[in-house]
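Asks: One predicted model, sequence on top.
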Amino acid sequence: MPTPERTKIMGVLNVTPDSFSDGGRYFDHDAAIAHGFELLRSGADIIDVGGESTRPGSVRVDEAEELRRVVPVIRELAAAGAVISVDTMRSKVAEASLNVGARIINDVSAGLSDPTMLAVASETAAPVVLMHWRGYLDRASASFYYDDVVAEVIAELKMRIDEAITVGVEPDNIILDPGLGFSKNAEHNWQILGALDEFANLDHRLLVAASRKRFISTLLSPKDPKFAEESAKDQATAAISALSARAGAWAVRVHEPTTSAIAATVINAVNSHSPAATPDVRAAKGNA
């Protein structure tokens, strides 16, 4: 049995003026590129570059503007050897990003926003993140109802898996994201986090994206979530990263990589010494 892989850290790089956590900080290309390198130095294995906010109430930018925001940043970081995912719901943005060095497509709509997205993933053989989604966040309140959030999210993800495979995406190139915060309230999010093992057992890689989301702020500052401190939200995110790693997640998507990378490294050590690991693996880790 090989040594278990550490859960990867996907660092968030929003080249936007209006993202919920860091909108405007890295809107300038030079600032975005510099922050990308800082994310790598802080422990990120992958940089997730996005040019369009998906926060509640955000207004979609046009395709040309999204391309203008992300392509130069991706080109520069990829040329320096960074592993890049592009956070987009547009197939043309995904294709252009892959052409300048991105390796992964991260589509929060799982191909529902742009019906040609899955075809691009198939034709380019790029890994694609399929996130659970019930529509744009400005219209999502009507979709918050679940009889069983875990079962329903899994069922809806399986429908997207089937669609992706039908258009030619290789099963090994499918990555699943349960969509924390998208068409879900805080209780739904915590229920999903309590059932991460079920998502990890779907025979596809699992991405968990909880970083700085409102349900964390609500937990830390119940009277007024906007008073939750960013550092506290990052510590809470690292705890979720540890839970995700323990469940076998392929990656966690975070704004602040350092603490989540430490958490993932600790859990990897625990997993490597668990009864499920062979004696040879445990011995090798002990001599490291």
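Replies: Yes, it's here. Bear in mind that the values here come from a model prediction, so they are computed numbers and not experimental data.

Asks: Once you drop chain neighbours, what's closest to residue 61?
Replies: Spatially, and ignoring its direct neighbours in sequence, residue 61 is nearest to residue 52 (5.4 Å; C-beta to C-beta, 6 or more residues apart in numbering). In this view, the C-beta of every residue, glycine as well, is placed from N, C-alpha and C.

Asks: I misspoke; the intended subject was residue 79.
Replies: residue 101 (6.5 Å).

Asks: do the same with residue 65
Replies: residue 51 is the one closest to residue 65 (C-beta to C-beta, 6+ apart), at 7.5 Å.

Asks: coming back round to it: which residues sit in contact with the residue nearest to residue 61?
Replies: Going by C-beta atoms under 8 Å, 6 or more residues apart in numbering, residue 52 touches 16, 58, 60-61, 66, 69, 87-89.

Asks: Could I get the full set of strands for the stretch 151-288 of the chain?
Replies: Secondary structure of the stretch 151-288 of the chain by DSSP state E, counting those that start in this stretch: the strands cover 174-177, 205-208, 251-254.

Asks: and the last one, what does it pack onto?
Replies: Meaning strand 251-254. Strand 251-254 sits against strand 8-14, strand 205-208, helix 230-247, helix 257-272, with contacts defined as 3 or more C-beta pairs under 8 Å, 6 or more residues apart in numbering; DSSP states H and E.

Asks: Let me have these in JSON lines, extended by mean neighbour count.
Replies: As requested, those are arranged in JSON lines below (neighbours: other C-beta atoms under 10 Å):
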{"stretch": "strand 8-14", "mean neighbour count": "26"}
{"stretch": "strand 205-208", "mean neighbour count": "24"}
{"stretch": "helix 230-247", "mean neighbour count": "20"}
{"stretch": "helix 257-272", "mean neighbour count": "20"}
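
Asks: From residue 115, how far out is the residue nearest to residue 65?
Replies: 21 Å (C-beta to C-beta, to the nearest Å).

Asks: ok, back up a step: mind checking which of the contacts of residue 52 are in strands?
Replies: Within the contacts of residue 52, residues falling in strands by DSSP state E are residue 87.
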